[in-house]
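Novice: Give the three-dimensional model of this entry:
(one chain, ligands or ions: 1)
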Amino acid sequence: MIDRLIKEINKKQNPTVIGLDPRLEIIPTFIKEEYFEKYGKTPKAVGKIFYRFNKEIIDSIYDIVPAVKPQIAMYEQYGPEGVESYIRTTEYAKEKGIMVIGDIKRGDITSTAEAYAEGHIGKVEIEEKSQDIYNQDAITLNPYLGFDSIEPYVKYCKKYDKGLFILVKTSNPNSGEIQDLETNEGKLYEKVGRLVTKWGEELIGESGYSQIGAVVGATHPEQAKELRKIMPNTYFLVPGYGAQGGKAEDLKAYFNKDGLGAIINSSRGIIAAYLKEENRSRFSEHEFSLAAREAALCMKEDLQKNLF
Ligand SMILES: O=c1ccn([C@@H]2O[C@H](COP(=O)(O)O)[C@@H](O)[C@H]2O)c(=O)[nH]1
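Specialist: Sure, this is the predicted structure:
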């Protein structure tokens, strides 16, 4: 998976991933009206609305961006129709040749992890027919339960060429409460970084990077600098650019000297770009996907200018 991702990054000359985090308040009224009229104000309508919105966003960026990162929470909150919309979205992204990093942040004991792993990056067996339900190339995981909670996923990474991005230093303001605790081996996030590196050692691809990556928030460049040293073969998924305040000029430390090693995420900053103050007079709500494309190109340019 990591070799495929790097190939896409190189092909599109763009180390970014667009977050598909739909919320009703950012969806254009004309889309909401269409489906609320047909299905009423129901979870079914919301599922259709999210899919329609995502499809148009994907159509507008698939040729310039290597991957999308749907956030499953936005869909799960609406129950089965929300999850169906998530699955249709990942299917559509794959159809358009764009990779999918499912932001699912799972973490549980081995027997439960086995079910999550089989469902999300494995294939479920139904009467001798095996099926990839979620169509994700990689997923995010929480490492708090230790390696026996991660091992079931590693098995499917090897078997089906999938990837993991494990939370090491998250972008949120309170991440330090636990992740920055001092241990006898340095800060806790450094210890987790070393563990993730070790877990990924036997999954290093032709590119020299492991299929087991790490989540390192764009809002913590100092910590990223340390982690980059500890984790030379680990790809970083970097959320927090844009809406959370992460800036391109701080992101150099996340990359290796080969210009690889990190993929930067932006969700609201792209998919809700048409609502930005400076864009309100430039784009009508019917042009939300054009605004998203422009924002994605601006992000690419911003990174290229500041990083390379
Ligand atoms: O440390 C983390 C881990 C995950 N996220 C997720 O990334 C996106 C960020 O959205 P923006 O709109 O670009 O702020 C969202 O899905 C988070 O759940 C993160 O922000 N930080």
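Novice: quick one, what contacts the residue nearest the centre of the chain?
Specialist: Residue closest to the average C-alpha location in the chain (C-alpha atoms, centre = their mean): Lys69, at 3.4 Å. Each residue near Lys69 by C-beta atoms under 8 Å, 6 or more residues apart in numbering is listed here: 17-20, 100-103, 237, 239, 265, 267. Every residue, glycine included, has its C-beta placed from N, CA and C.
Novice: That one: which element?
Specialist: Element membership of Lys69, judged by DSSP states H and E, is strand 67-70.
Novice: From the chain's centroid, how far away is that strand?
Specialist: 5 Å (C-alpha atoms, centre = their mean, to the nearest Å).
Novice: Quick one: end-to-end distance for stretch 87-101.
Specialist: 12 Å (C-alpha to C-alpha, to the nearest Å).
Novice: What mean pLDDT does it get?
Specialist: The average pLDDT within stretch 87-101 is 98.
Novice: what does it contact?
Specialist: 1, 4-5, 8, 17, 20, 50-51, 54-55, 58-59, 61-62, 65-70, 75, 102, 133-140, 163, 165, 237.
Novice: I'd like to know which of these are part of strands.
Specialist: Applying DSSP state E to the contacts of stretch 87-101, the entries found in strands are 17, 20, 67-70, 102, 138-140, 163, 165, 237.
Novice: Distance to the ligand for the residues you listed - can I get that in CSV?
Specialist: Formatted as CSV, those follow (distance: C-beta to the nearest ligand atom, whole Å):
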residue, distance to the ligand
Val17, 9
Leu20, 9
Ala67, 13
Val68, 11
Lys69, 7
Pro70, 9
Gly102, 11
Ala138, 13
Ile139, 12
Thr140, 7
Gly163, 16
Phe165, 9
Leu237, 8
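Novice: Nearest to Gln211 among these?
Specialist: Lowest distance from Gln211 to those (C-beta to C-beta) belongs to Gly163, with 4.7 Å.
Novice: and that closest one, how many residues sit next to it?
Specialist: Counted with other C-beta atoms under 10 Å, the neighbours of Gly163 add up to 28.
Novice: ok, now which ones touch it?
Specialist: By C-beta under 8 Å, 6+ apart, Gly163 lies in contact with 1-2, 5, 101, 137-139, 157, 211-213.
Novice: Those, buried ones only, as a PyMOL selection?
Specialist: Buried residues within those, by 16 or more other C-beta atoms under 10 Å, are selected in PyMOL with:
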select buried, resi 1+2+5+101+137+138+139+157+211+212+213
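Novice: ok, so of the contacts of Gly163, who is nearest the ligand?
Specialist: Ile101 (10.0 Å; C-beta to the nearest ligand atom).
Novice: for the residue nearest to Asp161 when sequence neighbours are not counted, what are its contacts?
Specialist: By the measure of C-beta to C-beta, 6 or more residues apart in numbering, the closest residue to Asp161 outside its immediate chain neighbours is Met1, 5.3 Å from it. For Met1, the contact set (C-beta under 8 Å, 6+ apart) comprises 99, 137-138, 157, 161-163, 211.
Novice: In TSV: these, plus distance to Glu118.
Specialist: Below are these laid out as TSV (distance: C-beta to C-beta, whole Å):
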residue	distance to Glu118
Met99	21
Asp137	16
Ala138	16
Cys157	12
Asp161	16
Lys162	11
Gly163	16
Gln211	17
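Novice: can you list the residues of the protein near the ligand?
Specialist: Residues of the chain lying near the ligand by C-beta under 6 Å from any ligand atom: 19, 21, 71, 103, 170-171, 215, 217, 239-240, 242-244, 265-269.
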